[in-house]
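Trainee: Got a predicted model here, sequence first, then my questions.
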Amino acid sequence: MASLVHFRKIAEWGNSVEYAFGFDSTETSRTLVMDTESRRPRPADGAVDYAFLKASRKINAMYDELAQWPDRGMSAS
């Protein structure tokens, strides 16, 4: 079964970047905060689940490629 998780940057400050994410590009109701120094993500709602893991891993992978925090993207599997 295929799955898409969309994300978009909504804020960037100090040592953190905040992303909205979800299974539908128009319904990204959850957020995660990425620590830019350690590159460790934290779900704002505390729920570490499939969507959170897919989004945070793709954000880190894109950072590896671009050397900057992506504005938006998606993870497909």
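Mentor: It's in. Numbers count the residues shown, from 1 in each chain.
Trainee: can you list the residues that contact the strand or helix carrying Ile59?
Mentor: Here Ile59, judged by DSSP states H and E, is contained in helix 50-66. By Cβ atoms under 8 Å, 6 or more residues apart in numbering, the residues outside helix 50-66 that reach it are 3, 5, 7, 19, 21-23, 30, 32, 34, 39, 41, 43, 69-70, 73-75, 77. For glycine as for every other residue, the C-beta is placed from the backbone atoms N, C-alpha and C.
Trainee: which parts of the helix or strand following that helix are buried?
Mentor: Note on helix 50-66: by DSSP H and E, the next helix or strand toward the C-terminus is strand 72-76. Residues of strand 72-76 classed as buried: Gly73, Ser75 (neighbour count, 16 or more other Cβ atoms under 10 Å).
Trainee: Repeat that for stretch 3-12.
Mentor: Quick answer for stretch 3-12 (16+ other Cβ under 10 Å): Val5, His6, Phe7, Lys9.
Trainee: ok, which pair from those is furthest apart?
Mentor: Val5 and Lys9 (14.7 Å; Cβ to Cβ).
Trainee: Could you list the alpha-carbon positions for the strand ranked longest in the chain in CSV?
Mentor: As assigned by DSSP state E, the longest strand anywhere in the chain is strand 4-13. Provided in CSV are the C-alpha atoms of strand 4-13 (Å, rounded to 0.1, in the frame of the first residue of the first chain):
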residue,chain,number,x,y,z
LEU,A,4,2.3,10.0,1.1
VAL,A,5,3.2,12.3,3.9
HIS,A,6,3.4,16.1,3.1
PHE,A,7,5.2,18.8,5.0
ARG,A,8,5.8,22.5,4.8
LYS,A,9,7.9,24.9,6.9
ILE,A,10,5.8,27.3,9.0
ALA,A,11,8.4,28.9,11.2
GLU,A,12,12.2,29.2,11.7
TRP,A,13,13.8,30.8,14.7
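Trainee: For Asp24, the count of nearby residues, please.
Mentor: When neighbours are counted by other Cβ atoms under 10 Å, Asp24 registers 10.
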